[in-house]
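> I'll drop the sequence and a predicted model, then ask my questions.
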Amino acid sequence: MYIKRRRGWEIPDQHATPESVFLNRRALLGSAAGLAATSVFGTGPAFGAGDSYPATRNEAYTLDRPVTAEKFSANYNNFYEFSTSKTVLPDANALKTKPWTIQIDGLVEKPFEIEVEDLIRKIGLEERLYRHRCVEAWSMSVPWTGFPLAKLVALAKPTSGAKYVQMQTFMNKAVAPGQRQFIYPWPYTEGLTMAEANNDLAFVATGIYGKPLANQFGAPIRLAVPWKYGFKSVKSIVKISFVEARPKTFWEGLQAQEYGFWANVNPAVSHPRWSQASERVLGTDQRVPTLIYNGYGEQVADLYKGLEKERLFV
Ligand code: MTE
């Protein structure tokens with residue numbers, strides 16, 4: 001299997017663009033945004049934003065640091081379907097995200113398909129402030145709009161045989177140049193245990209910064225699991241399957257020794273090629289210590305009792 005080529009989000013910080021250069025580039029992009037906001041941030045709303053956004057903020061979810069400005073988070077993205085660089089625009093804007101149907105299947109009472117807009121109407125939206133920690137050792141803090149994954153699980157009515165939730169990204173080589181590269185195990189697939197999926201922190205995001213997700217963030221619907229490395233937060237989901245066996249994930253399929261199923265944030269377990277002890281805060285010149293479970297241990301540590309022998313954190 002091909003594994004040697006370095007992927008953009010694997011670049012250890014010491015090999016990454018020096019902070020000063022990075023910040024200058026960000027500043028440039030920031031001023032460009034002032035001149036032509038739409039071309040920098042994408043085409044904006046994927047579907048009728050009017051009624052649902054901005055959603056009421058759920059004040060139970062707070063941050064220990066400022067929200068990352070959109071001009072930084074919207075121009076520093078991982079979306080391998082479109083590019084292995086951090087600049088996924090304008091390629092990502094080629095994806096048509098309206099209408100968008102999600103298939104729910106596997107071990108459920110009755111498989112069904114649902115439009116994202118209908119899903120939003122059925123479940124409703126709220127806003128939550130979450131930290132996001134990429135396995136590359138950078139982080140951001142953003143206001144997601146969406147709903148708890150547990151509500152979607154309830155709607156799907158899984159049967160007792162369901163042990164995992166598997167989520168898949170769209171597959172369309174015509175619009176996603178990355179998917180023409182056969183070395184990757186497309187489509188991008190991720191998974192959670194049923195207990196993880198039902199944890200209140202597991203969130204399905206349809207918006208960010210008070211508006212529908214722009215394409216580079218994974219429009220029109222993605223996952224946000226803030227206690228795990230960012231690669232678990234699969235973008236542009238088209239299929240959610242309830243399964244008995246642990247799904248093989250995209251990065252596990254590519255490089256299992258470096259990217260495991262659990263991927264819980266842990267500063268004590270280094271990536272084979274770099275330390276996870278600290279993180280660069282996107283849009284600042286700060287490096288801060290990384291926290292176990294990305295600071296969400298109180299809500300999620302119980303999920304892993306009895307699993308100590310598993311490779312929980314890689
Ligand atoms: N989902 C898909 N389909 N394709 C990807 O390449 N990258 C992951 C995750 N979800 C990725 C994906 C990684 S490595 C991270 S860190 C986050 O998306 C980045 O999310 P952001 O670009 O919104 O910051």
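Perfect, I can see it now.
> Quick check: closest non-adjacent residue to the residue of the stretch 201-314 of the chain found nearest the ligand.
As assessed by C-beta to the nearest ligand atom, the ligand sits closest to Gly230 within the stretch 201-314 of the chain, at 2.6 Å. For the C-beta atoms, the positions are set from N, CA and C on the backbone; glycine is no exception. Closest residue in space to Gly230, ignoring its immediate chain neighbours: Cys134 at 4.1 Å, by C-beta to C-beta, 6 or more residues apart in numbering.
> Just the pLDDT at that neighbour, thanks.
What the model reports as pLDDT for Cys134 is 98.
> And for Glu310?
Per-residue confidence (pLDDT) for Glu310: 82.
> just checking, it touches Arg246?
No - taking contacts as C-beta atoms under 8 Å, Glu310 lies outside contact range of Arg246: 10.6 Å.
> ok, Pro158 - how many residues close by?
21 (other C-beta atoms under 10 Å).
> Straight-line length of stretch 55-65, end to end?
21 Å (C-alpha to C-alpha, to the nearest Å).
> got it, and stretch 108-127?
Per C-alpha to C-alpha, stretch 108-127 runs 28 Å from first to last residue.
> do the same with stretch 166-175
End-to-end distance (C-alpha to C-alpha), stretch 166-175: 23 Å.
> mind listing the helices for the stretch 101-250 of the chain?
With DSSP state H, counting those that start in this stretch as the criterion, the stretch 101-250 of the chain has helices at 116-123, 149-156, 194-198, 250-255.
> In the sheet, which strands lie alongside the next helix or strand after the last one, parallel or antiparallel?
Pointing back at helix 250-255 there. Later in the chain than helix 250-255, the nearest helix or strand by DSSP states H and E is strand 278-281. Applying DSSP bridges to the sheet, strand 278-281 is found paired with strand 138-148 (parallel), strand 287-289 (antiparallel).
> how about the residues of the stretch 1-150 of the chain near the ligand?
Contact residues, the stretch 1-150 of the chain versus the ligand (C-beta under 6 Å from any ligand atom): 9, 77-81, 134.
> mind redoing it with 8 Å?
Residues of the stretch 1-150 of the chain lying close to the ligand (C-beta under 8 Å from any ligand atom) are 9, 73, 76-81, 88, 132, 134-136, 140, 142.
> got a list of what the residue of the stretch 201-314 of the chain closest to the ligand touches?
The contact partners of Gly230, by C-beta atoms under 8 Å, 6 or more residues apart in numbering, come to 78, 132-135.
> got the helices of the stretch 101-250 of the chain as CSV, with mean pLDDT columns?
Below are the helices of the stretch 101-250 of the chain laid out as CSV (pLDDT from 0 to 100):
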stretch, mean pLDDT
helix 116-123, 97
helix 149-156, 98
helix 194-198, 98
helix 250-255, 95
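> Looking at those, which is nearest to Asn294?
helix 194-198 (13.9 Å; C-beta to C-beta).
> If we go by neighbour counts, what in that closest one is buried?
Buried positions in helix 194-198, judged by neighbour count with 16 or more other C-beta atoms under 10 Å: 196-198.
> And stretch 297-305, by the same measure?
Buried residues in stretch 297-305 (16+ other C-beta under 10 Å): 300, 303-304.
> for those, which one is nearest Val269?
Nearest member of the buried residues of stretch 297-305 to Val269, counting by C-beta to C-beta, is Tyr304, at 13.2 Å.
> Over to the residue lying closest to the closest one once chain neighbours are set aside: give its phi and psi.
Among residues not flanking Tyr304 along the chain, Leu312 sits closest, at 5.8 Å (C-beta to C-beta, 6+ apart). In terms of degrees, to the nearest 10, the main-chain angles of Leu312 are phi -60, psi -30.
> Could you give the number of residues near Leu312?
Neighbours of Leu312 using other C-beta under 10 Å come to 16.
> residue contacts, it?
Leu312 makes contact with 262, 264, 266, 304, according to C-beta under 8 Å, 6+ apart.
> residue ranges with poor pLDDT in this protein?
Judged by pLDDT under 70, the chain has its weakly predicted residues at 1-50.
> Val142 is in contact with Tyr209, correct?
Yes - assessed by C-beta under 8 Å, Tyr209 is found in contact with Val142 at 7.2 Å.
> before we move on, the earlier item: reformat the helices of the stretch 101-250 of the chain as CSV; add distance to Tyr184.
Shown next, in CSV, are the helices of the stretch 101-250 of the chain (distance: least, C-beta to C-beta, whole Å):
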stretch, distance to Tyr184
helix 116-123, 25
helix 149-156, 25
helix 194-198, 25
helix 250-255, 7
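> closest to Ala162 out of the ones you listed?
helix 194-198 (6.1 Å).
> leaving aside the residues next to it on the chain, what's closest to Gln299?
Per C-beta to C-beta, 6+ apart, closest to Gln299 is Leu201, 5.2 Å.
> Likewise for Pro187?
Met171 (4.3 Å).
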